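J.: model the following, please.
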Amino acid sequence: MKIINKIIILILLAATILVLSIWLGLYFVKPSQPSQTSFSKIYSIIIPENNFAAKQRTELFSELSKLIAQPKTIIIISQNHNSAGNENIQTSDQEWNVGQDKINSNKTVVSFLTEKNLATNNPSSFTNEQGISNALLDIRNNFPGAEIVPIIFKNPSKDEISELEKGLYLSCKNCLMVASVSFSDDQPALLAQLHDETSIKYLETLDAQNIFTAAEVDSGSSLALLTMWAKDHNTLRFVLKSNTNSGVIAKDPDAKSTTHISGWYEEGETIKPEDSISFTIAGDMLFARTIYHEFSDDFNEAFSELGNRVFWGTDASAANLEGSITNKKIVDNIRSDNVNFRFSPKIVETLSFMHIKSVSHANNHSNNAGQEGIDTTRSLLDKAGIQIFGGPTVEDVSRVAYFKRDGISLAVIGIEMTLEENQKSIVPIIKEIKKDENMRVIIMPHWGIEYVTKHNLVQEKSAHLWIDAGADAVIGSHPHIIQDAELYKGVPIFYSLGNFLFDQYMSYTKKGLIISGKFTQDGLTLFSLPTQSDALYKPKLIAGEDKTKILDSLYVPFKDYVIDTPAGKVIKISK
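T.: Presented below is the predicted three-dimensional model:
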């Protein structure tokens, strides 16, 4: 009995101890601390530089402040909008006023950059620099206490950008880099939209080379540096947060739009963008006669009404060069019966300035300076990185311009047909190119009857022959006037774009077309931009009723394929 009692007492004692232990654990033992918040690995972001998109910039910073750990230092990079100072890359160690607060520059990093000759410390260059100042309030509100390393670019080389990135990686590896950038500017909404699509493609593929040279942005240098930074931090996935277009927002497709893109790079695989290749093509260009007389000191001035960004933002661009460059003396002769078109070597700088990536030499004036002119033109353009295709003879059709992109590439073929009908000569070339199912082919013929608004039978039969062989578009020149269009077997034909830059004074020769668009695996999307030359023959884009009248007539064959978008009417032809 005593043994049983002892057992019962021991059981009760154990139970009491157990209950007491549980009670002590609940009330006196501190619970384990939660694990530290897991932040996203983001080191590279793009923000709108202009206050037109201040709301988008603020929203982006606000979202990022919740995604990433508070950075100690932010590298903020932008275009040198005021062209201040003499150096291509400048920084500053100044203190920044933001309302009643201050933001300090990281003097250690700034000193490193200046000591290594990667940037020049020049605070005066940052006075009224909106690319930096417009972002400071959002930085203070979302990342209080962070210092900045401000950097602005003028005209640095790709090598200078690469060396700067290496220096920043050594001195500020864990810093957040912010690119304050504007994208397409002063373009109609449709063209700005197409340019942005191309820029986004380059961003998604971290294509620093094309971002640096081909994207229509105010600071390709900033974006090229940002993509290098993203790669070095193994953050390869681009997240697009927003893309604004002022023309669309204002419901005015003809207005000179400003666009902005915001987003960031994070961990993950590189995005494979839509397979596409974009293009912009214009008509006849003359740099002789009155054009030479008026603009020989600076041929860039001939495009002052148009600007130099129209051709900038697409993968491929072309126009017809109606003559040859010569090293021989050019006679200043403005007579209308002067049809010997010889061009100054200075036009090469202008073609580069305009971002025209290729020119057709398949026309009846390309041999005006003889073989010396042909050789000089080819040599100078080749050195400038401008492709020249076609020529005055049948044999020259084999000179094809190629624009290579991942997924879809483009070949542009020029053929001179004003002296003879040699349309069959390019059929084998088309068929050979089209053996690659990812190649698209545009034919640029020089053909037709001058000053006649409707195409003739030779033009029509030739275009149909080329399309039957595999051509994806036919875009012609020579008549110096806009001709009609046609849709044949789902392939567009624009028989003549008219003049782009020419000194013919008749009202109908002062109008022209620029065709822009993109090929995708699904088909072709394109649109036309009518142009008008002023009293000094400077081309500019037409807007309003005059534009509508031209396009309504031109788009008749495509009426079942015209889509009215917020940015304007486009022709979308599906395979």
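J.: so where do the helices sit in the stretch 251-400 of the chain?
T.: Along the stretch 251-400 of the chain, counting by DSSP state H, counting those that start in this stretch, helices occupy 289-295, 347-353, 370-383.
J.: domains of the chain?
T.: Domain ranges of the chain: 44-266, 276-542, per automatic domain parsing.
J.: closest one to V570 among those?
T.: Of all the domains of the chain, it is domain 276-542 that lies closest to V570, at 4.8 Å by Cβ to Cβ. Just so you know, the C-beta spots here come from the backbone N, C-alpha and C atoms, and that holds for glycine as well.
J.: how about CSV for the domains of the chain, with mean pLDDT, distance to S574 and mean neighbour count added?
T.: As requested, the domains of the chain are exported to CSV (pLDDT from 0 to 100; distance: least, Cβ to Cβ, whole Å; neighbours: other Cβ atoms under 10 Å):
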stretch, mean pLDDT, distance to S574, mean neighbour count
domain 44-266, 96, 18, 20
domain 276-542, 96, 4, 20
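J.: where does the residue most central in space within the chain land in three-state SS?
T.: Geometric centre of the chain, nearest residue: A215, 2.7 Å, by Cα atoms, centre = their mean. With DSSP: H, G, I helix; E, B strand; the rest coil as the basis, A215 sits in coil.
J.: isn't T290 right up against Y537?
T.: Yes. Here T290 reaches Y537: they are 6.5 Å apart, a contact under Cβ atoms under 8 Å.
J.: overlap of the contact sets of these two?
T.: Residues touching both T290 and Y537 (Cβ atoms under 8 Å, 6 or more residues apart in numbering) are D503.
J.: contacts only, for the residue lying closest to S62 once chain neighbours are set aside.
T.: Nearest residue to S62 in three dimensions, chain neighbours excluded: N142, at 6.2 Å (Cβ to Cβ, 6 or more residues apart in numbering). Going by Cβ under 8 Å, 6+ apart, N142 touches F61, S62, L64, S65.
J.: narrow those residues to those in strands?
T.: Counting by DSSP state E, no part of the contacts of N142 is found in strands.
J.: in TSV, list these along with distance to I42.
T.: Shown next, in TSV, are the contacts of N142 (distance: Cβ to Cβ, whole Å):
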residue	distance to I42
F61	12
S62	14
L64	7
S65	11
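J.: identify the farthest-apart pair in those residues.
T.: Farthest-apart pair in the contacts of N142 is S62 and L64; separation 7.4 Å (Cβ to Cβ).
J.: returning to what we had before: will you turn the domains of the chain into a markdown table that also has distance to T565?
T.: Output for the domains of the chain, formatted as a markdown table (distance: least, Cβ to Cβ, whole Å):
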| stretch | distance to T565 |
| --- | --- |
| domain 44-266 | 8 |
| domain 276-542 | 9 |
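J.: for P557, find the nearest of these.
T.: Among those, the nearest to P557 by Cβ to Cβ is domain 276-542 (4.6 Å).
J.: could I get the phi/psi values of A401?
T.: With angles defined as degrees, to the nearest 10, A401 sits at phi -90, psi 130.
J.: could you give the bridge partners of it?
T.: Beta-bridge pairing of A401 under DSSP bridges involves V412.
J.: how much space separates it from K201?
T.: Distance, A401 to K201, by Cβ to Cβ, to the nearest Å: 20 Å.
J.: quick one: the helices in the stretch 1-150 of the chain?
T.: Using DSSP H, counting those that start in this stretch, the helices found in the stretch 1-150 of the chain span residues 2-28, 54-67, 107-115, 130-142.
J.: other residues contacting the second one?
T.: When contacts are taken as Cβ under 8 Å, 6+ apart, the neighbours of helix 54-67 outside the stretch itself are 39-40, 42, 45, 47-48, 134-135, 138-139, 141-143, 241-242, 244, 260, 262-264.
J.: so which of those residues are in strands?
T.: Using DSSP E, the members of the contacts of helix 54-67 that fall within strands are I45, I47, P48, K241, S242, T244, H260, S262, G263, W264.
J.: quick one: D522 and S574 touch, right?
T.: Yes. Using Cβ under 8 Å, D522 is in contact with S574, at 5.7 Å.
J.: mind checking which helix or strand A463 is in?
T.: Secondary structure assignment for A463, by DSSP states H and E: helix 457-469.
J.: who's in contact with that helix?
T.: By Cβ under 8 Å, 6+ apart, helix 457-469 touches 417, 421, 423-424, 426-427, 430-431, 434, 443, 445, 447-448, 474, 476, 486, 488-489, 491, 493, 495.
J.: how about a cut-off of 6 Å?
T.: With Cβ atoms under 6 Å, 6 or more residues apart in numbering as the test, helix 457-469 has contacts from 421, 423, 427, 430-431, 443, 447-448, 474, 488-489, 491, 493, 495.
J.: elements contacting the next helix-or-strand element following it?
T.: Where DSSP H and E defines the elements, the next helix or strand beyond helix 457-469 is strand 473-475. Here strand 473-475 touches strand 439-446, strand 491-494, going by 3 or more Cβ pairs under 6 Å, 6 or more residues apart in numbering; DSSP states H and E.
J.: would you turn the ones you listed into TSV with distance to R378?
T.: TSV is the format used below for the helices and strands packed on strand 473-475 (distance: least, Cβ to Cβ, whole Å):
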stretch	distance to R378
strand 439-446	17
strand 491-494	27
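J.: in this structure the residue nearest to the centre of the chain contacts S199, no?
T.: Yes. With contact defined as Cβ atoms under 6 Å, A215 reaches S199; the gap is 4.4 Å.
J.: ok, back up a step: closest to P150 out of the helices of the stretch 251-400 of the chain?
T.: Taking the helices of the stretch 251-400 of the chain one by one with Cβ to Cβ, helix 347-353 is closest: 29.2 Å.
J.: any idea how far F52 is from the closest residue to N51 other than its chain neighbours?
T.: Among residues not flanking N51 along the chain, N134 sits closest, at 5.7 Å (Cβ to Cβ, 6+ apart). Look at N134 and F52: by Cβ to Cβ, they are 10 Å apart.
J.: what's the spacing between the closest residue to N234 other than its chain neighbours and V239?
T.: Distance criterion Cβ to Cβ, 6+ apart; nearest residue to N234, sequence neighbours excluded, is E267 at 7.0 Å. Separation of E267 from V239 (Cβ to Cβ): 11 Å.
J.: mind putting the contacts of helix 457-469 in TSV, distance to V178 included?
T.: Output for those, formatted as TSV (distance: Cβ to Cβ, whole Å):
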residue	distance to V178
E421	59
Q423	55
V427	54
I430	48
K431	51
I443	46
W447	52
G448	53
V474	46
Y488	50
K489	50
V491	45
I493	47
Y495	49
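J.: out of these, what pair is the most spread apart?
T.: Farthest-apart pair in those is K431 and G448; separation 24.7 Å (Cβ to Cβ).
J.: so D315 makes contact with S278?
T.: Yes. At 4.9 Å, D315 counts as touching S278 under the criterion of Cβ under 6 Å.
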